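> Based on what follows, work out the 3D shape:
(chains A and B)
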Number of protein chains: 2
Amino acid sequence: MSSKYIYLDHAAATPLDPSVLKLMLLFYESNFYNPSAGYIPAIEVRRKIDEARARVAFWLGAKPPEIVFTAGATEANNLAINGIMSKYPKANMLISAIEHESVIAPSQSFNTRNVKVTKDGRIDLEDLKQKLDEKTVLVSVMQANNEIGTIQPIRQVFQIVQTERRRRSGQGLPLYLHTDSAQAANYLDLHTSRLGVDLMSLNGGKIYGPKQTGVLFIKTGVQLSPQIKGGGQERGLRSGTENVAGIIGLAAALDLSQSSRNEEAERLTILRDNFIAELITALPDLQLNGSLKHRLPNNVHITLPGADNERLLMELDGQAILAAAGSACSASSDEPSHVLKAIGSSDEEARGSLRLTLGRSTTEEQLRTVVKVLSSLS
Amino acid sequence: MSSKYIYLDHAAATPLDPSVLKLMLLFYESNFYNPSAGYIPAIEVRRKIDEARARVAFWLGAKPPEIVFTAGATEANNLAINGIMSKYPKANMLISAIEHESVIAPSQSFNTRNVKVTKDGRIDLEDLKQKLDEKTVLVSVMQANNEIGTIQPIRQVFQIVQTERRRRSGQGLPLYLHTDSAQAANYLDLHTSRLGVDLMSLNGGKIYGPKQTGVLFIKTGVQLSPQIKGGGQERGLRSGTENVAGIIGLAAALDLSQSSRNEEAERLTILRDNFIAELITALPDLQLNGSLKHRLPNNVHITLPGADNERLLMELDGQAILAAAGSACSASSDEPSHVLKAIGSSDEEARGSLRLTLGRSTTEEQLRTVVKVLSSLS
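Down below sits the predicted model:
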């Protein structure tokens, strides 16, 4: 990426890693064959997709047939929710109050209950227990939040789900746990059986891979209705000629992110914590939103009381600092963020909030510049 | 593409045009920003998407807001059918008997009637008139068939649709006409109002653009339910962070295909007709399937009576000639093609049939080689 900018919006989009692009180019330039065709060069393309699938499965502690490639996490979330819930018209589902729009929007077609979060953005496990009943078929809780970076206790959610499953003792409705790991995949363990999830969504465009590539992990035995039907690709769960270059790129990007995640998490945690400390020194009124302890290493989400984030972002933009007010995923909505509302922020606090998300290109020097600029503006 | 092969499977996949790839690279390498973000470099990315949308709209004789970018024609067909039909639970839809699997499969969730085709693969307009009734909401007829290359009389289908609309005189259910133009876009006029269609699907991967890119044209006033919900991109009709490089690539590929379509159609028609003539001379038993007159310039679909196409394709593959038995879109199905069944071929005839689809790299010399090899094998 160009060094002209200080890019602090890695939660919205990550640059494509050059080594990932290099691998993708092969499938644009020469190996363009339809992987469903029968001749040898097409079979070689199919084998590369199989290798990519096995690689993704490895990081998720999954079997290759449990990996379905989609066009992004939004589609994966829609497939998980519509695919399960459309089979059980009288059932209900539970989601946390701070899920991404691509979980909230499809959930609204079904009987959905919102589970509260605490002031620091962690799911309220007592509220979850209370709202979970014998008609609940799906629980969807994101692994880490895209706005305030809070990491959710997925394993504890799993234990509550397990208790309910035991109560049903194999009778009645099934109960599945889904997690949207789009924001988690650069920094957290994605091993699905350690987490205890039945369904997991991933997004290539947030892990230095290509946009509009994604994964839905579907544990063996979980039945869901396909949403895009046709030629029967992806075991009939998601039809359409495969995005060969995209799949190769997504797998390579996940490989890079997961194999370096501990070092990168450590590096960014130090950068982040120094950045927060310097910001608080420079701007004593500043509030940090979300959890300090259970937080993505690259997330800084602050409220500057009385500030107008639209104005601030424009001024930062003028100084080549690229950041966000909330989530960039919903196209130019003027509504205050549902995430900030859920953790109890007032509209005025929401209006004064900024999201600064670090990434591979972020340096200490860049962050020092941001502190200087922000304190000069406030 | 490598010149090592004689590639005659352009209906299954086309190589990415190098000039298209060059344009795409910009959005992989530097302009990776999320187009929903508010800073200037992201706004520039959004502007490039708008330009691409306007360019696609131009070729379709459409307004830019009528263009929705999808991940391929399969998704576009699913969005058209599910998006319309889910709004009218008591209505019915009509499709031709030789539609692509990505039309047939979603249509099976609804009350769908198959309209017969003639022996040469053209829609039977009398059968269409007879099956169309006051409960019909959607008619879906492909512009050109992916297996036998037959071009459908969309304008005549439109006139029948118009007659029924007039009969309803603005009362009762709406009636929409959808066409899948995935195979047509390299060679035929896509002007939607000249054709008279309300919905049109396109596929980047069949027009020398990137795979898993597509378009659904939705005429102003046509109401449909989104299938993938979330951040509200594509006017709420198809959420998810945009495939920026893919959209740029699709628009550039359509531009190239449509601006050269007359010359390329003429060149390929001559090649195709000579090829067919030489094949018939070399193999007098050979049958040509589909219409000779209403046929895509790049399609040759033949039956060699008594032949086993699986064996033939393997032998062709061994001689570096890449071709197909039927459609490559359905993953390794052993069923005889529904298209060949619909035009009255026996199972044995279907087993002896080959699809050879020409494209930009096809030369007279290549086709002469194919004639030689095929006659030596038969």
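> Need the pLDDT of residue A:330.
For residue A:330, the pLDDT comes out at 50.
> Check which helices and strands the worst-scoring helix or strand of chain A on mean pLDDT is in contact with.
Ranked by mean pLDDT, DSSP states H and E, the weakest helix or strand in chain A is helix A:347-351, scoring a mean of 91. Judged by 3 or more Cβ pairs under 8 Å, 6 or more residues apart in numbering or on different chains; DSSP states H and E, the packing partners of helix A:347-351 are helix A:338-342. C-beta here means a position set from N, CA and C on the backbone, and glycine is covered the same way.
> which residues are in contact with the least confident helix or strand of chain A?
A:287, A:303, A:305-309, A:326, A:336-337, A:340-341 (Cβ atoms under 8 Å, 6 or more residues apart in numbering or on different chains).
> Save those as a markdown table, and put in secondary structure and neighbour count too.
Putting these into a markdown table (DSSP: H, G, I helix; E, B strand; the rest coil; neighbours: other Cβ atoms under 10 Å in any protein chain shown) gives the following:
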| residue | secondary structure | neighbour count |
| --- | --- | --- |
| A:287 | strand | 15 |
| A:303 | strand | 22 |
| A:305 | coil | 14 |
| A:306 | coil | 11 |
| A:307 | coil | 22 |
| A:308 | coil | 13 |
| A:309 | helix | 22 |
| A:326 | coil | 22 |
| A:336 | coil | 18 |
| A:337 | coil | 22 |
| A:340 | helix | 24 |
| A:341 | helix | 16 |
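> Between those residues, which sits nearest residue B:67?
Of all the contacts of helix A:347-351, the one sitting nearest residue B:67 is residue A:326; the distance, using Cβ to Cβ, is 28.1 Å.
> Please put the alpha-carbon coordinates of the least confident helix or strand of chain A into PDB.
The C-alpha trace of helix A:347-351 is given here as PDB (Å, rounded to 0.1, in the frame of the first residue of the first chain):
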ATOM      1  CA  ASP A 347     -26.100   9.700  21.000                       C
ATOM      2  CA  GLU A 348     -23.800  12.500  21.900                       C
ATOM      3  CA  GLU A 349     -21.100  10.100  23.000                       C
ATOM      4  CA  ALA A 350     -21.600   8.100  19.800                       C
ATOM      5  CA  ARG A 351     -21.200  11.300  17.800                       C
END
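> How far off centre is the helix or strand that comes right after that helix?
Helices and strands here follow DSSP states H and E; after helix A:347-351, the next one along the chain is strand A:353-357. Its chain's C-alpha centre and that of strand A:353-357 lie 16 Å apart, by Cα atoms, centre = their mean, to the nearest Å.
> for strand A:353-357, packing partners?
strand A:299-303, helix A:309-318.
> Check what contacts the helix or strand following that strand and list those residues.
For strand A:353-357, the following helix or strand on the C-terminal side (DSSP H and E) is helix A:364-377. The contact list for helix A:364-377 (Cβ under 8 Å, 6+ apart) reads A:6, A:8, A:271, A:274-275, A:278-279, A:282-283, A:304, A:312, A:315-316, A:319, A:321, A:356, A:358.
> Stretch A:117-134: end-to-end distance?
22 Å (Cα to Cα, to the nearest Å).
> Equivalent analysis for stretch A:26-40, please.
Start-to-end, stretch A:26-40 (Cα to Cα) is 16 Å.
> The stretch 101-250 of chain A: helices as residue ranges?
In the stretch 101-250 of chain A, the segments counted as helices under DSSP state H, counting those that start in this stretch are A:101-107, A:125-131, A:154-168, A:192-195, A:244-259.
> right, and those - which one's nearest chain B?
For these, proximity to chain B was assessed by Cβ to the nearest Cβ; helix A:101-107 is nearest, at 3.1 Å.
> what about that closest one, near chain B?
Yes. Taking Cβ under 8 Å from any Cβ of the partner chain as the criterion, helix A:101-107 and chain B are in contact, through A:101-103, A:105-106.
> thinking residue A:223 is in contact with residue A:137, fair?
No. Counting by Cβ atoms under 8 Å, residue A:223 does not reach residue A:137; the two are 11.0 Å apart.
> returning to that earlier point: quick one: which of the residues of helix A:101-107 next to chain B is nearest residue A:165?
Residue A:165 lies nearest to residue A:103 out of the residues of helix A:101-107 next to chain B, by Cβ to Cβ, at 21.6 Å.
> For that closest one, give its distance to residue A:345.
20 Å (Cβ to Cβ, to the nearest Å).
> picking that back up, pick the most deeply packed of the helices and strands packed on strand A:353-357.
strand A:299-303 (a mean of 25; mean count of other Cβ atoms under 10 Å in any protein chain shown).
> And that one, how far out from the chain middle?
17 Å.
> same deal with stretch A:63-80?
13 Å.
> what's the neighbour count on residue A:42?
Counted with other Cβ atoms under 10 Å in any protein chain shown, the neighbours of residue A:42 add up to 23.
> just to revisit the earlier point, residue A:223 and residue A:137 - which one has more neighbours?
Just comparing residue A:223 and residue A:137: by other Cβ under 10 Å the higher neighbour count belongs to residue A:137, 20 against 10.
> Look up how far residue A:285 lies from the residue lying closest to that one once chain neighbours are set aside.
Once flanking residues are discounted, residue A:137 sits nearest to residue A:91: 3.9 Å by Cβ to Cβ, 6 or more residues apart in numbering or on different chains. Here residue A:91 is placed at a distance of 47 Å from residue A:285 (Cβ to Cβ).
> Please say which of these two ends up with more neighbours.
Comparing residue A:91 with residue A:285 by other Cβ under 10 Å, the one with more neighbours is residue A:91, at 19 against 12.
> Run through the residues that contact the more buried one.
Contacts of residue A:91 by Cβ under 8 Å, 6+ apart are A:85, A:110-111, A:135-138, A:173.
> for residue A:54, phi and psi?
phi -70, psi -40 (degrees, to the nearest 10).
> before we move on, back to that, neighbour-wise, which of residue A:103 and residue A:345 wins?
residue A:103 (28 against 21).
> my read: the more buried one touches residue A:93, true?
No. Look at residue A:103 against residue A:93 with Cβ under 8 Å: they stay out of range, at 9.8 Å.
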